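Colleague: below are the sequence and a predicted model; questions follow.
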There are 2 protein chains.
Amino acid sequence: MGINYKKELESAAKSMILVHEPDTLIRMIVRTIVNKVKVRHAGILLHDKERDAYILSVSRGPTGLKIPAGFARMDADNPLIRFFKERWDKRLLHDGALVYREAKKLLRKRLEPQAKELLKKTLYQMEIFDVEVCLPTYFENELLGILLLGSKKRNACFGRDELDFFVALASDVVMAIRNAKLFKDLQAELEKERRLFIHTTIALAAAIDAKDHYTHGHTSRVTNLTLEIAKKISQKYHEYKKKFDEKFMENLHIASLLHDIGKIGISENILNKSGPLNEEEKQRMHEHPSVGALILQPIRELSESLLGVKYHHERYDGSGYPEGLKGDQIPPIALIIAVADAFDAMTTDRPYRRALSKEEAVREITKDSGKQFDPVFASVLAELYQEGKI
Amino acid sequence: MGINYKKELESAAKSMILVHEPDTLIRMIVRTIVNKVKVRHAGILLHDKERDAYILSVSRGPTGLKIPAGFARMDADNPLIRFFKERWDKRLLHDGALVYREAKKLLRKRLEPQAKELLKKTLYQMEIFDVEVCLPTYFENELLGILLLGSKKRNACFGRDELDFFVALASDVVMAIRNAKLFKDLQAELEKERRLFIHTTIALAAAIDAKDHYTHGHTSRVTNLTLEIAKKISQKYHEYKKKFDEKFMENLHIASLLHDIGKIGISENILNKSGPLNEEEKQRMHEHPSVGALILQPIRELSESLLGVKYHHERYDGSGYPEGLKGDQIPPIALIIAVADAFDAMTTDRPYRRALSKEEAVREITKDSGKQFDPVFASVLAELYQEGKI
């Protein structure tokens, strides 16, 4: 009977559900069919909603591609498509498969003229594509796609049980493909939404940066630096490897971008003042981490990032602001930003002093390790400098 | 033979792939099995990655639930789980199904002591759960879940071909469930990311609002109003129904939240000045739509929202800024914001004048319809007022 390929195809179909890359999936299926069933070629027509057409997603003969994928297209009014869309298969065929040789015989019988006309045109389409069997798949009465099989080698006939099996298989295949497409669309949407969020945050952070003439590009430099430091630490220290997971890195990224968000409310006169600040002005400046935290407070998803914003001016020895936290009390996300923030401030010109060189800045930070800065994060900054990475 | 339920179950299994609500799916499957196969009860154990345990997701007898869903749990070291995880099924059973009566006989044969011990404990677990057949499912050699069947009514035996069929079915079922779960997780992730973006945008818009003492809450009021106007228009005018689709409403939402983002760079001295602005100050103020557009420029996904930000101070008769666009040249997204923005500005106190009443503001805007404002959007504002919606 020659349907010993059934088990293999069935198990291939089974794992298809969990393959979420539509192109891979389609290619895999058609290759398996061509190899196992010994047909001259096979292809899959899939419904493309946007174009309201059926596209030949892949077509393959044993020696490779038969028709370039995405090339052949049948509009909704193509006779072959209409034949199945209008459910003539239900009226004219006793199971789901349209077999060329059987349909030819059917033409000789008495049929309503409309049916005969459409069937004739449908068979002509099958000739064009050199297709022996068409196997449609529906979901909720909508035609999702059609599996096309070429003739068998040595022109052997398809047996009845073979055809039954293919009817079931075609439906598995098309549903798996549809599933994969839905999955891919959803994933693309998610990626887009993530990009949107990060890009918007970057744009707004840059706009806040721009208020302060002296800190142009500060935010993006600090962000790059915090991520470098965190990466290095998780490579070097086993205990940080788990803590600094993907989620943490994301939070650190956002916290770094937004660390000065609280400056939104500080007047340019203070930010850009060239002389030393008076007490009142200093106090306004010192409020920016708390103001930033206040802005982010309503956003539940940013609660970890908020800690970085709120505490990035705390000092390791407890002499920082706003709360005077000490050592371990300060969240690591804030300790990292503190180091990167200080390094960038030291290495750029300020109204009241010239920039230090990178070497001088690293020396300053190393000197203040354990006082202003966390010793681990300060030492990693020095290492990054020695390696020429910053 | 009594396997006439096959077709029905097969077609149920087929459409499962496209059901992406795991709980519905599981319940549907187990109900179908119990009804068609006439077993006393059926259930599905599914692997829970986070807890590294197998949870009885649903269990159902013909009269309703047997064991509460999520109640029973088997850890990875439960004998029944170990039996399949360690692939004793491959060595001891000639197909995938573990059948209680057959396994009892197996115990009487010569087996390695380790296997005998584990099988004995496994059968004890089956007794506890009153299970007659266990059907495991693997994907890439990992145990995804086990379909559990109770004994048949009148204690009939399961036939060989029935069992073969169930082995295939169980695998379909578990894969479909896993697929649905992946789908649901992805969808939840997407929702979360969307919330994050909108909430962050709202928080930042509010922070920019706060710079201007006179416009507290302006952004959120304008946002509510633009969405009301757009909703009303798409209900009332057929030609807008298609234009103002979900995507447009999203873009309008974002544009409204960010319409004054360009004020980020304007000093508080100008924003809060109580006297009239001089020419230079006026010019700075007039730059805020272009500055806003500049900030959003790098974000491809916001190109439509950008139009709302950039052109919300254009006037219908061409006398607005920054480009002096006229009538149809002005994107609708900006025309809507213009109306809402003006209404909110008129109805709040400003440094240089007291607030108008809502009625007065609507009258002003109606008077300027066709001059400053688009006639359609202005008239809809008036209608919303008459309906007491604003």
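Modeller: Arrived safely.

Colleague: from residue A:334, how far off is residue A:237?
Modeller: With distances taken as C-beta to C-beta, to the nearest Å, residue A:237 is found 18 Å from residue A:334. Yep, even glycine has a C-beta here, placed from its N, CA and C like the rest.

Colleague: and the two? which has more neighbours close in?
Modeller: Taking other C-beta atoms under 10 Å in any protein chain shown, residue A:237 and residue A:334 do not tie; residue A:334 has more neighbours (25 against 13).

Colleague: helices or strands up against the helix or strand harbouring that one?
Modeller: Using DSSP states H and E, residue A:334 sits in helix A:332-346. Other elements packing on helix A:332-346 under the criterion 3 or more C-beta pairs under 8 Å, 6 or more residues apart in numbering or on different chains; DSSP states H and E are helix A:218-236, helix A:246-258, helix A:303-311, helix A:358-367, helix A:375-386.

Colleague: if I look at the one residue sitting closest to the centre of chain A, how far off is residue B:189?
Modeller: In chain A, the centroid-proximal residue (C-alpha atoms, centre = their mean) is residue A:191; its distance is 4.0 Å. Separation of residue A:191 from residue B:189 (C-beta to C-beta) stands at 11 Å.

Colleague: circling back: helix or strand for the residue nearest to the centre of chain A, which one?
Modeller: helix A:160-211.

Colleague: which regions of chain A sit below the pLDDT cut-off?
Modeller: A:1-18, A:62-71, A:214 (pLDDT under 70).

Colleague: tell me how it divides into domains.
Modeller: Partitioning chain A according to automatic domain parsing yields domains covering residues A:6-183, A:191-386.

Colleague: from what I see, residue A:76 and residue A:84 are in contact.
Modeller: No. Applying C-beta atoms under 8 Å as the test, residue A:76 and residue A:84 come out as separate, 10.9 Å apart.

Colleague: have a look at those two and say which one is more surrounded.
Modeller: residue A:84 (23 against 13).

Colleague: residues near residue A:158, how many?
Modeller: 21.

Colleague: part of a strand, is it?
Modeller: No. Counting by DSSP: H, G, I helix; E, B strand; the rest coil, residue A:158 falls outside a strand, being coil.

Colleague: and the closest residue to residue A:166 other than its chain neighbours, which of the three is it?
Modeller: Leaving aside its chain neighbours, residue A:166 sits nearest to residue A:135 (5.4 Å; criterion: C-beta to C-beta, 6 or more residues apart in numbering or on different chains). With three-state DSSP as the basis, residue A:135 sits in strand.

Colleague: how much space between residue A:142 and residue B:312?
Modeller: Residue A:142 is 43 Å from residue B:312, by C-beta to C-beta.

Colleague: who's more crowded, the two?
Modeller: residue B:312 (29 against 9).

Colleague: report the contact partners of that one.
Modeller: For residue B:312, the contacting residues are B:255, B:259, B:289, B:334, B:337-338, B:341, by C-beta atoms under 8 Å, 6 or more residues apart in numbering or on different chains.

Colleague: ok, residue A:372 next?
Modeller: Applying C-beta under 8 Å, 6+ apart, we find residue A:372 in contact with A:315-317, A:319-320, A:338, A:342, A:365.

Colleague: which ones are touching the residue lying closest to residue A:251 once chain neighbours are set aside?
Modeller: Closest residue in space to residue A:251, ignoring its immediate chain neighbours: residue A:304 at 4.2 Å, by C-beta to C-beta, 6+ apart. Residues near residue A:304 by C-beta under 8 Å, 6+ apart: A:247-248, A:251, A:255, A:333.

Colleague: repeat that for residue A:198.
Modeller: So residue A:198 contacts A:253-254 (C-beta under 8 Å, 6+ apart).

Colleague: ok, it to residue B:54 distance?
Modeller: 38 Å.

Colleague: how far away is residue A:387 from residue A:143?
Modeller: Counting by C-beta to C-beta - residue A:387 and residue A:143 are separated by 61 Å.

Colleague: likewise residue A:49?
Modeller: 12 Å.

Colleague: what of residue A:122?
Modeller: 14 Å.

Colleague: one more: residue A:235?
Modeller: When residue A:235 is compared with residue A:143 (using C-beta to C-beta), they lie 54 Å apart.

Colleague: between the two, which one's more packed in?
Modeller: Ranked by neighbour count (other C-beta under 10 Å), residue A:235 and residue A:143 place residue A:143 first, with 22 against 12.

Colleague: tell me the SS of the more buried one?
Modeller: strand.

Colleague: same deal with residue A:95?
Modeller: Under three-state DSSP, residue A:95 comes out as coil.

Colleague: contacts only, for it.
Modeller: A:163-164, A:167.

Colleague: try 10 Å
Modeller: A:89, A:135, A:160, A:163-164, A:166-167 (C-beta atoms under 10 Å, 6 or more residues apart in numbering or on different chains).

Colleague: can I get those in TSV including distance to residue B:28 and neighbour count?
Modeller: Shown next, in TSV, are those (distance: C-beta to C-beta, whole Å; neighbours: other C-beta atoms under 10 Å in any protein chain shown):
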residue	distance to residue B:28	neighbour count
A:89	27	20
A:135	26	26
A:160	32	10
A:163	29	18
A:164	25	14
A:166	27	23
A:167	23	17
